[in-house]
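**Student:** sequence and predicted model, in that order:
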Amino acid sequence: MAESSRREALFAEILGAEGPAPRRAANLYERDPARAEDLFQEICLALWRGLPSFRGEATLRTFAFRIAHNRGMSHAARGARRRQGGASAEIGLAAEVPDPAPTPEAALGLSERAARLRQAMAALPLGLRQVMTLTLEGLAPAEIGAVLGITENNVAVRANRARERLRAALGAAGGGR
């Protein structure tokens, strides 16, 4: 029974310490609110099931984001297969944007600049959006690399490209410094 209480404690730590991070991860891969909620539930279930295999080789935070990333990628692949028969199939995952539905921050009244930043983030290709989202979550480049399965150098390249695109988008929209 000690294993069960360890699992419950780790699960509570993930959802408590990370707060809304797993939900934001779901919104990264799914823009439809109902499907994002389903994906969030899938992520939580995958976290619960994966906790017995947590050996502490990475931080609990990195472990949780890796599971969320894997679930999100599986979900996105299923969605792409579902859309393939359509007349105007999207150009792939890079064309998808996260859910623009109001968040708690929006309920408190996001500033116009924050709204432009959110739109610019949504327009980034998935690979760049992943790196920026995880950066904003406070993960270090090495942790982001571990989550996404890429090198730390690749993380730095993607982060620089994302920042350049965000600067250009915000500058073009009148949101520059």
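**Tutor:** Yep, that arrived.

**Student:** need the helix or strand of the chain with the lowest average pLDDT.
**Tutor:** The weakest-scoring helix or strand in the chain, judged by mean pLDDT, DSSP states H and E, is helix 104-107 (a mean of 48).

**Student:** mind checking how far the most centrally placed residue in the chain is from S4?
**Tutor:** Geometric centre of the chain, nearest residue: A25, 3.2 Å, by Cα atoms, centre = their mean. Separation of A25 from S4 (Cβ to Cβ, to the nearest Å): 26 Å. C-beta: built from backbone N, CA, C; applies to glycine.

**Student:** before we move on, what about A168?
**Tutor:** According to Cβ to Cβ, A168 and S4 sit 51 Å apart.

**Student:** counting by contacts, list what the lengthiest helix in the chain packs against.
**Tutor:** In terms of residue count, the longest helix belonging to the chain (DSSP state H) is helix 60-83. Contact here means 3 or more Cβ pairs under 8 Å, 6 or more residues apart in numbering; DSSP states H and E; on that basis helix 60-83 packs against helix 2-17, helix 21-29, helix 33-50, helix 126-136, helix 141-148.

**Student:** now those helices as JSON lines including mean pLDDT and distance to R116?
**Tutor:** Formatted as JSON lines, those follow (pLDDT from 0 to 100; distance: least, Cβ to Cβ, whole Å):
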{"stretch": "helix 2-17", "mean pLDDT": "82", "distance to R116": "30"}
{"stretch": "helix 21-29", "mean pLDDT": "83", "distance to R116": "18"}
{"stretch": "helix 33-50", "mean pLDDT": "91", "distance to R116": "22"}
{"stretch": "helix 126-136", "mean pLDDT": "92", "distance to R116": "15"}
{"stretch": "helix 141-148", "mean pLDDT": "93", "distance to R116": "24"}
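
**Student:** buried deepest among those helices, which one?
**Tutor:** Neighbour counts (mean count of other Cβ atoms under 10 Å) averaged over each of the helices and strands packed on helix 60-83 peak at helix 21-29, with a mean of 24.

**Student:** ok now that helix, how far from the chain's centre?
**Tutor:** Between the centre of helix 21-29 and the centre of its chain there are 5 Å (Cα atoms, centre = their mean, to the nearest Å).

**Student:** list the contacts of that helix.
**Tutor:** With contact meaning Cβ atoms under 8 Å, 6 or more residues apart in numbering, helix 21-29 is reached by 14-15, 36-37, 39-40, 43-44, 47, 64-65, 68-69, 72-73, 75-76, 96, 98-99, 129-130, 133, 137.
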